[in-house]
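Asker: sequence unknown, structure follows:
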């Protein structure tokens, strides 16, 4: 019995942080919430519905973005090797484009409240998307790609400039 208890870790002695398992692809949920907010905004203006629903969904999108950003920054600081492994992964690496895409969508929600913050956020998102598109094209040109790793997320940064 004592040997079994010796193998049990106490709650404070985890070897890996829970944030190591936080995928960058979760920023796609922010994109979904922002898009849902846009759709509700159009529906509420067309059918004379209360603007509360699109505003609430928009607030949820912004809050989710800032919560995920804070958590992912902790992951970057505490586990840079995990972040680099995710970035170099042939499929998961494409999902890093979701971060600048969020920065391109969220200004639509923020602009009615703070236009300058929305403009700054959009500029950061546009610059980030341009840099990410360059990285994706560079990856395509420098490494042989496998068809099994092809995902629609590959073309998002490139199509954004089209």
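Answerer: Yep, it's here. If you're wondering where the values come from, they're calculated on a predicted model, not measured in any experiment. Numbers count the residues shown, from 1 in each chain.

Asker: When you work out contacts or count neighbours from here on, use the C-alpha atoms and nothing else.
Answerer: OK.

Asker: measure the most centrally placed residue in the chain to residue 52 for me?
Answerer: Note on the chain: the residue nearest the mean C-alpha position is residue 27, at 2.3 Å, using Cα atoms, centre = their mean. In this structure, residue 27 and residue 52 are 24 Å apart, going by Cα to Cα, to the nearest Å.

Asker: Repeat that for residue 128.
Answerer: Counting by Cα to Cα, the gap from residue 128 to residue 52 is 31 Å.

Asker: ok, now residue 36?
Answerer: For residue 36, the distance to residue 52 - Cα to Cα - is 13 Å.

Asker: More neighbours: these two, which one.
Answerer: Per other Cα atoms under 10 Å, whichever of residue 36 and residue 52 has more neighbours is residue 36, with 17 against 12.

Asker: Quick check, the more buried one in contact with residue 56.
Answerer: No: using Cα atoms under 8 Å, residue 36 makes no contact with residue 56, being 10.7 Å away.

Asker: What ranges does this structure have for its helices?
Answerer: In the chain, the segments counted as helices under DSSP state H are 2-6, 27-46, 52-78, 80-88, 98-110, 115-142, 156-161.

Asker: Check which helices and strands the longest one is in contact with.
Answerer: Right, the one you point to is helix 115-142. Applying 3 or more Cα pairs under 8 Å, 6 or more residues apart in numbering; DSSP states H and E, we find helix 115-142 packed against helix 98-110, helix 156-161.

Asker: which one of those has the lowest average pLDDT?
Answerer: Note on the helices and strands packed on helix 115-142: lowest mean pLDDT is at helix 156-161, with a mean of 59.

Asker: residue ranges with poor pLDDT in this structure?
Answerer: The chain contains residues with pLDDT under 70 at 1-16, 145-162.

Asker: Recalculate using a threshold of 50.
Answerer: 1-8, 13-14 (pLDDT under 50).
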